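> From the sequence below, what's the structure:
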Amino acid sequence: MRRRLINSTLAVVLVVIAVFGVSLVIVETRTISSSAQESVDSEALRLASIVESRLVSDERVTTAILRDQVDVNRYAVIRIPGKETIRLGTEPQGGVIRGTATGGRGEKVSVEEPGSTVTREVGRTLMIIAAVALLAIISAVLLAVRQANRLASPLTDLAETAERLGSGDPRPRHKRYAVPELDRVADVLDSSAERITRMLTAERRLAADASHQLRTPLTALSMRLEEITLTDDLDTVKEEATIALTQVERLTDVVERLLTNSRDPRTGSAVTFDLDEVVKQQLEEWRPAYRSAGRAIVRSGKHGLRAVGTPGAVAQVMAALIENSLMHGGGTVAVRTRVTGTQTVVEVTDDGPGVPPELGARIFERTISGRNSTGIGLAVARDLAEADGGRLEMLQQDPPVFALFLSRVAKGAAPAADEPEEPDEPTIR
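Below is the predicted model:
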């Protein structure tokens, strides 16, 4: 492309020089020749006038008197009737430019100038024109190279950007070239890079979230299946199989929630559900893990509560909080349900060391973890809570208290009068 731009620009300049340069040479040559002829004619007429004025005054006309009246490079011949011919200067050889004039007394004056004078003048003019043409060609080449680089370099950059996009490096370059058309292409590529970045981020986030959210349910399901293989009691097998099927349904719901949340984190399918069933199911699911760790999990607070949300999402949020207490906390884990205003609150706390002061509110940020974990669980839990119109907060750092706030009334319904809370009656599961 660079070569084409340079060649095309140079071709245009050469054509312009050829057209206007030749015309200029012809015009200048004719102008110089005409000027030289007019000068010689004027010289002859002037000499004739001088000779005539002296003849009218009966003065002598000699070579000595007229010598200073003729240019040193010219040759003059003066013929006066009845007198000797006067010759001034050196007679030129070869081509000459001749001018003649006749006076009132019959005198004739002829002035000649060598043609080489005109030739030299034309040569100097041609050299000037050639120098200007050469300067124009050099300027055109430099301008063409600059313009070619200005157009070709951005195209090379844009090609490299497109190649990087295809090779999996979607970082936008935000580079512009002061050429509207090229800047438009750069805008489109940067927009595509940003969209690809968002898509890749969403895919990676989905993979990380799925890995984190499915790990615990799969572990629990494996434990149920192991219990089935170790028993010959048909009733136990049926019971464990029923629980395992329930867990499979929950796994399916987890996957669907993750896919929905990856497409639109604010898309929820909230319904009114029995909160006790979700709490009971979570306690049963985590009971083996806590038993293996030599720890206990208790439930307290108000019973018979109903909340607005997605049961599967609420179960995942509770699972994240209970797992967080199992991994990072200590002592007994307490799950407490209560009512505040038009909201149902599920609190999870333990007797562990709590959240480090340096983490604080950043505990819900992705990749933020206090003890070498993925830092994904609480972030995903908060996204799931907010997707159903709820919220997840840390009420206290030491001892740690995490609270899930859910609406008690469906959107648009009138809130019921608050009932007094029942006294806390811990129930060990």
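> which residues sit in contact with the closest residue to Leu321 other than its chain neighbours?
Leaving aside its sequence neighbours, Leu321 sits nearest to Val348 (Cβ to Cβ, 6 or more residues apart in numbering; 4.0 Å). For every residue, glycine as well, the C-beta is placed using N, CA and C. The contact partners of Val348, taken as Cβ atoms under 8 Å, 6 or more residues apart in numbering, are Met318, Leu321, Ile322, Asn324, Ser325, Val333, Ala334, Val335, Arg336, Val401, Phe402, Ala403.
> now swap in Ile297 and tell me
Leu283, Trp286, Arg287, Tyr290, Ile322, Thr332, Val333, Ala334, Val335, Arg429.
> So for the closest residue in space to it that isn't next to it in sequence, what's the pLDDT?
Closest residue to Ile297 apart from its sequence neighbours, by Cβ to Cβ, 6+ apart: Val333 at 4.6 Å. In this model, Val333 is scored at 94, pLDDT.
> quick one: Ala44 and Lys108 touch, right?
No - counting by Cβ atoms under 8 Å, Ala44 stays clear of Lys108, with 9.3 Å between them.
> quick one, which of those two is more surrounded?
Ala44 (24 against 17; other Cβ atoms under 10 Å).
> pretty sure the more buried one belongs to a helix, no?
Yes - assessed by DSSP: H, G, I helix; E, B strand; the rest coil, Ala44 belongs to a helix.
> separation between it and Ala193?
85 Å (Cβ to Cβ, to the nearest Å).
> Run a quick neighbour tally on the residue nearest to Ile297.
24.
> Can you show me the strands along the stretch 301-429 of the chain?
Secondary structure of the stretch 301-429 of the chain (DSSP state E, counting those that start in this stretch): strands located at 306-309, 333-340, 343-349, 391-396, 401-407, 427-428.
> I would like the residues contacting the first one, please.
Spelled out, it's strand 306-309. Against strand 306-309 from outside (Cβ under 8 Å, 6+ apart): 268, 270-275, 314, 344, 388-390, 406-411.
> from these, which would you call buried?
268, 270, 273, 275, 314, 344, 388-390, 406-409 (16 or more other Cβ atoms under 10 Å).
> Dump those residues to TSV, plus pLDDT and distance to Glu256.
Below are the buried ones among the contacts of strand 306-309 laid out as TSV (pLDDT from 0 to 100; distance: Cβ to Cβ, whole Å):
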residue	pLDDT	distance to Glu256
Gly268	52	12
Ala270	73	15
Phe273	91	16
Leu275	93	21
Val314	89	15
Thr344	94	24
Asp388	78	14
Gly389	85	18
Gly390	90	19
Leu406	94	20
Ser407	91	22
Arg408	85	25
Val409	70	26
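> Among those, find me the one that's closest to Ile363.
Gly390 (17.5 Å; Cβ to Cβ).
> For the closest one, give me its contacts.
So, once contact is read as Cβ under 8 Å, 6+ apart, Gly390 ends up touching Gly309, Leu404, Phe405, Leu406, Ser407.
> OK, contacts around the last one?
Shown here is Ser407, whose contacts under the criterion Cβ under 8 Å, 6+ apart are Ala307, Val308, Gly309, Thr342, Gln343, Thr344, Gly389, Gly390.
> now the fifth one: how far from Ala385?
Using Cβ to Cβ, Gln343 is found at 12 Å from Ala385.
> intersection of neighbour lists for those two?
Going by Cβ under 8 Å, 6+ apart, residues that sit against Gln343 and also against Ala385 are Phe405, Leu406.
> List the buried residues in stretch 149-168.
Leu151, Pro154, Asp157, Leu158, Thr161, Leu165.
> Which strand or helix spans the fourth one?
Here Leu158 is covered by helix 115-166, with elements defined by DSSP states H and E.
> mean confidence for that helix?
84.
> elements contacting that helix?
For helix 115-166, the packing partners by 3 or more Cβ pairs under 8 Å, 6 or more residues apart in numbering; DSSP states H and E come out as helix 2-56, strand 96-102, helix 180-229.
> Do me a favour and average the pLDDT over the longest one.
Pointing back at helix 2-56 there. Computed over helix 2-56, the average pLDDT equals 86.
> right, and the helix or strand after that helix?
Counting by DSSP H and E, what follows helix 2-56 is helix 63-66.
> right, and Leu189 touches Ala162 too?
Yes - if you go by Cβ under 8 Å, Leu189 and Ala162 touch, sitting 6.4 Å apart.
> domains of the protein?
Listed domain ranges for the chain are 2-139, 166-207, 264-428 (source: automatic domain parsing).
> who wins for proximity to Arg30 among the strands of the stretch 301-429 of the chain?
Nearest of these (Cβ to Cβ): strand 391-396, 95.3 Å.
> Paired strands for that closest one, with orientation please.
Applying DSSP bridges to the sheet, strand 391-396 is found paired with strand 401-407 (antiparallel).
> Just the angle for the strand it pairs with relative to strand 333-340, thanks.
Put simply, strand 401-407 runs at 40 degrees to strand 333-340, going by axes from the mean of the first three to the mean of the last three Cα atoms, to 10 degrees.
> That'll do, ta.
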